[in-house]
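Undergrad: pasting the sequence and the predicted model now:
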Amino acid sequence: MHAELLALSLPGPLVGIGRSVREAFYMFWDTLWALVLGFALSGAVQAFVSRGAMQRHLGDHRPASVARASVYGMVSSSCSYAASAMARSLFVRGADFLAAMVFMFASTNLVIELGIVLVVLIGWQFVAAEFVGGVIMIVLLVLFGSLWLRGRVVVEARAMAEHRTGGHEHGDGAEVALEQEGWRQRIRTRGGWADAASYTMSDLTMLRKEMAIGFVIAGFLSILVPGHVWSDVFIRGHGAWTSLENVVVGPFVAVISFVCSVGNVPLAAALWKGGISFGGVVAFIFADLIAMPLLLIYRKQYGGRVALRLLGLFWLVMSAAGLATEYLFKAVGWMPTARPGAVVGDTIRWDWTTYLDIAALVAFAALYWLYRNRERLGGGAGYAKDPVCGMQVEIAQAPASTEHDGQRVYFCSEHCRDRFLADPTHYVEHERGAPMPNDQTPQEASTEAIDPVCGMTVDREHAPGSAEHEGETFYFCNLGCRDRFVADPERYLTNLPG
């Protein structure tokens, strides 16, 4: 009652803004437990699934390789920026270009947290469409991509990608075997679960802006955008033409919204409420990989011509998958029969959502405690924190790094590295005061060594591998370099400077 009286006393525009912000909050409240659950599961998977395993058997785009790339993507971070960086890294390390793109598609469209948030906001049909349509999209990507992304185009893309990384990417079969051998033991340790919590916290930190923007924009779209606007953008009542136009325009909204990953699910809910077709919503959800910031990243990674081809190919398969999913769901009777009058409710009630949210907050507190006490619990070895987005990065698999004030800084993607290089002081000051690993002083933590095999600068504290030789300890960027050194140390010692 008090809220209604206050609304009557406010100017019209302020009332609309207030209602939009309130709608955004209730969207967040309804999905809070789902977000915590999804990111917690994702963090556990990332901590216990070998990164090195993702580099194997992706040398072509035959069905077995495509299936493996899809599975590896499903168990990776859902961040679109990190997915694009990992796909480029796999490509440079020898993976087939289409297999790398399949990995990227799966890591942003077939992940746990996306499905959980979808079922909460718009229903199980959209979760089913995510996975069914995702498989269709990947099949279409391989079929059309094998015609459009081959020959000189792939050579050009690889040359550009290698140029961006300096031609040096790490990964070794021995490293993979060792990692796979130890995951069963690792899952039983406190340090392993502390690292899983760190992945959860870093993913939430990394995506907090995307999700906040997505919820706020969705709130405004749900409340302030008149119904006739949706009718002008997405045609209705013309049968097959409506379905076709909606699946083509849906990805265009994704391009200009600048929101990707889980952040576009609230927008999808607002579009569904506004009247866009089922297939159009599905195509929009898939299209997070062609949001404008991602297109600029593709241009940097692979060159302008390849980026344009990727845009055309991705748009085609996303729209086609949305259309195919709509007609398939109509045929089996899975199409939603009603649209909500509102995306979520307008108050907090003592129901299952509230109870789950309270449980999620308790779980979040426990995860945060594990994250803050990671070093004390035995975690953190071989990891670094991206100072730009906050993502936890496995040092041996870091897609990008740079030197700053005598220290090697690691990033989840070139996007974050470029932002750091543009203003390193900003990010260094932001991180100042954070506890150093194992309670080291900054001077102690900055000590570095040269990997005698590949020449890479390695932080001694976080080096993935080390070996003793004639009373001296040598540090390595990955276990593969360590094994090569142990097999023939004299060969590599002669190449060391000095």
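TA: Noted; the coordinates are in hand.
Undergrad: how far off centre is stretch 320-333?
TA: Stretch 320-333 sits 27 Å away from the centroid of its parent chain (Cα atoms, centre = their mean, to the nearest Å).
Undergrad: and if you look at stretch 270-283?
TA: The chain centroid and the centroid of stretch 270-283 are separated by 23 Å under Cα atoms, centre = their mean.
Undergrad: the protein: strands as residue ranges?
TA: Using DSSP state E, the strands of the chain run over residues 383-385, 392-394, 400-404, 407-411, 448-450, 457-459, 465-469, 472-476.
Undergrad: which of the ones you listed sits most buried?
TA: Among the strands of the chain, ranked by average contacts under mean count of other Cβ atoms under 10 Å, first place goes to strand 392-394 (a mean of 25). (Glycine included, C-beta is placed from N, CA and C.)
Undergrad: re earlier: can you lay out the strands of the chain as CSV showing distance to residue 15 and mean pLDDT?
TA: What follows is these, written out as CSV (distance: least, Cβ to Cβ, whole Å; pLDDT from 0 to 100):
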stretch, distance to residue 15, mean pLDDT
strand 383-385, 43, 82
strand 392-394, 43, 78
strand 400-404, 46, 83
strand 407-411, 44, 85
strand 448-450, 58, 75
strand 457-459, 55, 72
strand 465-469, 62, 78
strand 472-476, 62, 82
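Undergrad: could I get those as JSON lines with distance to residue 285?
TA: Shown next, in JSON lines, are the strands of the chain (distance: least, Cβ to Cβ, whole Å):
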{"stretch": "strand 383-385", "distance to residue 285": "30"}
{"stretch": "strand 392-394", "distance to residue 285": "26"}
{"stretch": "strand 400-404", "distance to residue 285": "28"}
{"stretch": "strand 407-411", "distance to residue 285": "27"}
{"stretch": "strand 448-450", "distance to residue 285": "44"}
{"stretch": "strand 457-459", "distance to residue 285": "39"}
{"stretch": "strand 465-469", "distance to residue 285": "41"}
{"stretch": "strand 472-476", "distance to residue 285": "42"}
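Undergrad: among the ones you listed, which is nearest residue 297?
TA: Proximity to residue 297 (Cβ to Cβ) singles out strand 400-404 among these, at 11.6 Å.
Undergrad: neighbouring strands - and their directions - for that closest one?
TA: Strand pairing for strand 400-404, using DSSP bridges, gives strand 407-411 (antiparallel).
Undergrad: how far does the partner strand sit from the chain's center?
TA: Strand 407-411 has its C-alpha centroid displaced from the chain centroid by 20 Å (Cα atoms, centre = their mean).
Undergrad: now that strand - C-alpha only, CSV.
TA: Provided in CSV are the C-alpha atoms of strand 407-411 (Å, rounded to 0.1, in the frame of the first residue of the first chain):
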residue,chain,number,x,y,z
GLN,A,407,56.1,-10.2,-12.7
ARG,A,408,54.4,-12.4,-15.2
VAL,A,409,50.6,-11.5,-15.3
TYR,A,410,48.2,-14.1,-16.7
PHE,A,411,44.8,-13.5,-18.4
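Undergrad: how about residues contacting it?
TA: For strand 407-411, the external contacting residues (Cβ atoms under 8 Å, 6 or more residues apart in numbering) are 384, 386-388, 393, 395, 398-403, 417, 420, 445-446, 448, 457-459.
Undergrad: I'd like to know which of the strands of the chain lies nearest to residue 76.
TA: Between residue 76 and those, the tightest spacing by Cβ to Cβ is seen for strand 392-394, at 11.5 Å.
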